[in-house]
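> Predicted model and sequence follow; I will ask about them next.
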Amino acid sequence: MRLAEIDRGESLKSRLLIRFISMVSGMRLPDAARVAFYHRDFLGPLGAWTQAAMRGPSEWSVGERELMAAMVARWNSCAFCTGAHRATAAKGLTRATVDAALADYRTAPLSAGLVATLGFLETLTRTPDAVAAADARAVLAAGVSQAALADAVAVATVFGVITRYADALQFAIPTEAEYDKAAAMLLKRGYA
Amino acid sequence: MDRTDHAALAARLEQRVFHEPADTPADLRRSMGERASGGPAIAPPYDEIARQIGEAAYRVTDAQVATLRTKTGTERATFELIAAAAVGAALERWRQGAAAIDEAVK
């Protein structure tokens, strides 16, 4: 973590909260949560959108949306977020499915609609100028609704933000066991 | 099934990060966001880190963040500008994705 104030907490209240959660969970509170406690007045709307995109009503399951987040993290080379959302997606899908998708989503055991959607998100993440109506039509032709595709684009957008600040601030990388614990917290408490 | 109004949530994020008062000037935050989404070069030292966050944030260096911290004078201001660059790059993707969907269903 490159900014010390985020690491230790901005106010006495947030410092105590960080210490308390770390103690109860038996692990260092991940930097993603520390950022969520920092300068809330500024990035609060991102938290609200992330919660809606990841846990709000959608034709995609929570596990599928967590997989989309892990894929966006992988395409952006964000090690922290890939690990966090790989672990969370694995609790809804399976670890084997998630790891197969991270290796090559086109050959992973996923629905045709999800594979097509990930193709759209990959282009959008890597080369946004190249995304065209034909790409969207291909996803719709695979049986994905317009609303579901928009939900997926929202997931890619919020993680387009989160992966960038995670890397710019250099989030500390948890261990596998810590990622697993954090995944359980993310499923229980969400992003708000 | 109820639908999430993503366009409204995107607009709220854009409004807060680029238009409302914060520790840093709104026009500087907008410049960071535009630069990170492929916009024109801006003044040093903002230019280098904004472009880097947009193109490949994993290549941002300790020195780039330290330089920004020195220039802004506070960690809150540094955070705002890093976040503004990240939000700018990502909202550009939201716009491109939403436009492709709109065009596809016309």
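Perfect, I can see it now. Residues are numbered from 1 along each chain as shown, chains lettered A, B, ... in the order given.
> Next one, pLDDT for B:Ala39 please.
Not quite, residue B:39 is Gly, not Ala. On pLDDT, B:Gly39 comes in at 97.
> Residue 44: neighbour count?
Defaulting to chain A. A:Gly44: 15 surrounding residues under other Cβ atoms under 10 Å in any protein chain shown. Bear in mind the C-beta positions are built from the backbone N, C-alpha and C, glycine included.
> um, chain B though
Under the neighbour criterion other Cβ under 10 Å, B:Pro44 is assigned a count of 10.
> and the longest helix for chain A?
Longest helix in chain A, counting residues (DSSP state H): helix A:146-168.
> just chain B next, same as before
helix B:75-104.
> Okay, buried residues for it please.
For helix B:75-104, burial by neighbour count (16 or more other Cβ atoms under 10 Å in any protein chain shown) applies to B:75-94, B:96-98, B:100-101, B:104.
> so how far is the longest helix of chain A from its chain's centroid?
A distance of 8 Å separates the C-alpha centroid of helix A:146-168 from that of its chain, computed with Cα atoms, centre = their mean, to the nearest Å.
> Over to stretch A:132-146?
23 Å.
> Contacts for it next, please.
A:59, A:112-113, A:115-117, A:119-120, A:123, A:149, A:152, B:100-101, B:103-106 (Cβ atoms under 8 Å, 6 or more residues apart in numbering or on different chains).
> Counting neighbours, which bits of it end up buried?
Under the neighbour-count criterion of 16+ other Cβ under 10 Å, stretch A:132-146 has A:135-136, A:138-140, A:142, A:144 buried.
> Stretch A:57-76 now?
In stretch A:57-76, counting by 16+ other Cβ under 10 Å, buried: A:58, A:60, A:62-76.
> Those in strands, which ones?
Using DSSP state E, no member of these falls within strands.
> what about the closest residue to A:Arg28 other than its chain neighbours, distance to A:Leu46?
With sequence-adjacent residues excluded and distances taken as Cβ to Cβ, 6 or more residues apart in numbering or on different chains, A:Arg28 is closest to A:Ser22, at 5.7 Å. Plainly put, A:Ser22 is 23 Å away from A:Leu46 if you go by Cβ to Cβ, to the nearest Å.
> got it, and A:Asp151?
Taken as Cβ to Cβ, the span from A:Asp151 to A:Leu46 is 17 Å.
> tally of neighbours for A:Val115?
Using other Cβ under 10 Å, A:Val115 has 17 neighbouring residues.
> so what's A:Ser125 up against?
Check again: residue A:125 is Thr, not Ser. A:72, A:75-76, A:156, A:160, B:93.
> for chain A, what spans make up the helices?
A:4-8, A:12-25, A:31-37, A:40-55, A:62-75, A:79-90, A:95-104, A:112-126, A:133-141, A:146-168, A:176-189.
> With adjacent residues omitted, what lies nearest to the spatially most central residue of chain A?
Taking Cα atoms, centre = their mean, the centroid of chain A lies closest to A:Ala69, which sits 3.7 Å from it. Of all residues beyond its chain neighbours, the one nearest A:Ala69 is A:His85 (4.0 Å), with distances taken as Cβ to Cβ, 6+ apart.
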